[in-house]
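K.L.:
Structural data only, the sequence is not supplied:
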């Protein structure tokens, strides 16, 4: 009987030591990330983007709503700001009426497209929605409330907009492209 009790005690001791090692690694990792200014993360479709690190590239389909969560490294809520802005790295020139503009103007108000993408902020995250059939040109026209004349050619492979999430001095920038995806049948009927 004492043989079985000794084996059980050894298993408990090994499991306890393993739990202590995992906890210690977690604490060290937490403080290491925190010392580098990483205090939060943004999560979208199972992928996490750490605050203060390079963001990522996303692809959306017009007509969809996309949800994001924003959490502290410990999993709690954080006080953050979020906006959808024109991408300073990828801009286009256009004319509205008789005025010349660039997609990215270097002006916070002119560069803010949050309302066009129906940005909705919650305590634990946010969502962006794209109207059905939305194109980059239409997004600019909605912002400027009128028709525009493009001076540059638009490309489907370029992210003209970014989502910026900021907590204190740290931020995550997620640039995104979006497409109008329509399924159609030719001929427009199905015969069984």
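P.N.:
Received the coordinates, thanks. Keep in mind the model is a prediction, meaning the values are calculated, not measured.

K.L.:
use CA for all of it now, contacts and neighbours both
P.N.:
Will do.

K.L.:
Which parts of the protein are helices?
P.N.:
2-35, 108-111, 136-144 (DSSP state H).

K.L.:
what mean pLDDT does the longest one have?
P.N.:
This predicted structure assigns helix 2-35 an average pLDDT of 62.

K.L.:
So which residues of the chain form strands?
P.N.:
In the chain, the strands defined using DSSP state E lie at 40-44, 47-50, 56-61, 65-72, 81-86, 93-96, 99-102, 120-121, 125-129, 149-150, 161-167, 170-179.

K.L.:
helices and strands around the last one, which ones?
P.N.:
Going back to what we said before, that points to strand 170-179. Packing partners of strand 170-179 (3 or more CA pairs under 8 Å, 6 or more residues apart in numbering; DSSP states H and E): strand 56-61, strand 161-167.

K.L.:
angle of the shortest one against strand 170-179?
P.N.:
With axes from the mean of the first three to the mean of the last three CA atoms, to 10 degrees as the basis, strand 56-61 and strand 170-179 are set at 30 degrees to each other.

K.L.:
Pull out the buried positions in strand 56-61.
P.N.:
60, 61 (16 or more other CA atoms under 10 Å).

K.L.:
Take the strands of the chain and write them to JSON lines, including mean pLDDT and distance to residue 142.
P.N.:
What follows is those, written out as JSON lines (pLDDT from 0 to 100; distance: least, CA to CA, whole Å):
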{"stretch": "strand 40-44", "mean pLDDT": "92", "distance to residue 142": "26"}
{"stretch": "strand 47-50", "mean pLDDT": "92", "distance to residue 142": "30"}
{"stretch": "strand 56-61", "mean pLDDT": "91", "distance to residue 142": "18"}
{"stretch": "strand 65-72", "mean pLDDT": "94", "distance to residue 142": "18"}
{"stretch": "strand 81-86", "mean pLDDT": "96", "distance to residue 142": "14"}
{"stretch": "strand 93-96", "mean pLDDT": "94", "distance to residue 142": "12"}
{"stretch": "strand 99-102", "mean pLDDT": "94", "distance to residue 142": "14"}
{"stretch": "strand 120-121", "mean pLDDT": "98", "distance to residue 142": "18"}
{"stretch": "strand 125-129", "mean pLDDT": "96", "distance to residue 142": "14"}
{"stretch": "strand 149-150", "mean pLDDT": "94", "distance to residue 142": "13"}
{"stretch": "strand 161-167", "mean pLDDT": "95", "distance to residue 142": "14"}
{"stretch": "strand 170-179", "mean pLDDT": "92", "distance to residue 142": "16"}
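
K.L.:
between the ones you listed, which gets nearest to residue 111?
P.N.:
strand 81-86 (5.1 Å; CA to CA).

K.L.:
now the closest one against strand 161-167, angle please.
P.N.:
Using the same axes, to 10 degrees, the direction of strand 81-86 lies 160 degrees away from that of strand 161-167.
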